[in-house]
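Asks: no letters, just coordinates:
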């Protein structure tokens, strides 16, 4: 059972790990751009913020897919040697900590290396490492504790 559907589950966790720290900054940039356009202020400033929102969103999606793929590949390989859920959690924490700098780079590029977004993204690093550890056994298919992760896309849950 390990490995079957693991890539999709890994990508979901990767998108979660990348999206939580980066997407709020994209939403903030989009909001500032909307205010500048509506108030009739500096249109160059608004266009720049709109570009940053697009960069942050697109780069976050790419980073999330890559992070999830690397996380999935490492966990599937580790599941051949490690059969306990806690062992996979340790491997997932290590892999999550190693792939998270991709989000740091995305936020740095998308916000012109502003201090507040970089500090908050840096503080999210251990939290997202714990997210990767908590979902590791589900990614491989060893457990099914998180319903959003193990549900098949496009199917509906039976009504009781």
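Replies: Everything's here; your move. The shown structure was predicted, so the numbers you read here are calculated from the model rather than taken from an experiment.

Asks: going forward, measure contacts between C-alpha atoms and count neighbours the same way
Replies: Will do.

Asks: how far away from the center of its chain is stretch 54-74?
Replies: Stretch 54-74 has its C-alpha centroid displaced from the chain centroid by 7 Å (C-alpha atoms, centre = their mean, to the nearest Å).

Asks: quick one: average pLDDT of that stretch?
Replies: Averaging pLDDT along stretch 54-74 gives 96.

Asks: what about the most far-flung residue of the chain relative to its centre, distance to residue 74?
Replies: Farthest-out residue of the chain from its mean C-alpha position, per C-alpha atoms, centre = their mean: residue 40, at 35.0 Å. Residue 40 sits 50 Å away from residue 74, taking C-alpha to C-alpha, to the nearest Å as the criterion.

Asks: ok, and for the lengthiest helix in the chain, which residues are buried?
Replies: When the chain is parsed with DSSP state H, its longest helix is helix 43-78. Residues of helix 43-78 classed as buried by neighbour count (16 or more other C-alpha atoms under 10 Å): 46-47, 49-57, 59-76, 78.

Asks: with stretch 32-40 instead?
Replies: Buried-residue list, stretch 32-40, by 16+ other C-alpha under 10 Å: 32-34, 36-37.

Asks: if we go by neighbour counts, what in stretch 17-26 is buried?
Replies: Neighbour count says stretch 17-26 has 17-19, 21-23, 25-26 buried, by 16+ other C-alpha under 10 Å.
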